[in-house]
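In: coords below, sequence missing:
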């Protein structure tokens with residue numbers, strides 16, 4: 001399959017994760033009892049995390065990278081952290097502002113790993 005297909009899926013997954021978590025964080029700050037927003041945010045972010053993982057592994061194999069490259073390992077750790085954040089978002093609404101900033105930092109770190117570290121190592 002074409003690597004561009006995996007890249008598009010990867011970006012869609014990233015968008016879904018941040019959109020879903022943004023909705024969940026806004027819900028926890030504004031209306032913590034809103035079950036429909038919680039379901040929508042959880043489903044959206046879960047599907048997004050799956051797309052990120054599948055498309056990421058597809059890209060790694062199609063582009064010929066090693067699964068042990070440092071930038072790939074860092075991105076996998078970020079993916080694991082993103083997967084666990086949903087628990088904090090749903091159970092600790094008082095941490096919403098901190099988690100909002102953490103999500104931005106994780107996204108920035110993931111982008112740096114691809115666009116700075118990966119290309120400087122090549």
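Out: Received, thanks. Computed from a predicted model, the values in this text were never measured in an experiment.

In: ok, and what's touching stretch 60-71?
Out: 1, 3, 6, 59, 72, 113-114, 117-118, 121 (CB atoms under 8 Å, 6 or more residues apart in numbering). Backbone N, C-alpha and C define where each C-beta goes, glycine included.

In: Try it again at 7 Å.
Out: 3, 6, 72, 113-114, 117-118 (CB atoms under 7 Å, 6 or more residues apart in numbering).

In: hmm, which of those residues are the buried ones?
Out: With neighbours counted by 16 or more other CB atoms under 10 Å, the contacts of stretch 60-71 contain buried members at 6, 72, 113, 117-118.

In: Mind picking the two most distant members of these?
Out: Spatial extent of the buried ones among the contacts of stretch 60-71 (CB to CB) is set by the pair 6 and 117 at 19.6 Å.

In: about what we covered before: next, format the buried ones among the contacts of stretch 60-71 as TSV and append pLDDT, secondary structure and distance to residue 25.
Out: Listed next are the buried ones among the contacts of stretch 60-71 as TSV, based on pLDDT from 0 to 100; DSSP: H, G, I helix; E, B strand; the rest coil; distance: CB to CB, whole Å:
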residue	pLDDT	secondary structure	distance to residue 25
6	96	helix	28
72	94	helix	28
113	93	helix	23
117	83	helix	28
118	78	helix	29
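
In: for stretch 27-41, how far is the first residue from the last?
Out: Distance across stretch 27-41, first residue to last, is 9 Å (CA to CA, to the nearest Å).

In: In TSV, list the contacts of stretch 60-71 along with distance to residue 87.
Out: Converted to TSV, the contacts of stretch 60-71 look like this (distance: CB to CB, whole Å):
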residue	distance to residue 87
3	33
6	28
72	25
113	24
114	27
117	29
118	30
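
In: Now the host helix or strand of residue 98: buried residues?
Out: Using DSSP states H and E, residue 98 maps to helix 96-112. By 16+ other CB under 10 Å, the buried positions in helix 96-112 come out as 96, 99-100, 103, 106, 110.

In: Kindly check the end-to-end length of stretch 84-104 for me.
Out: In stretch 84-104, first residue to last residue: 15 Å (CA to CA).
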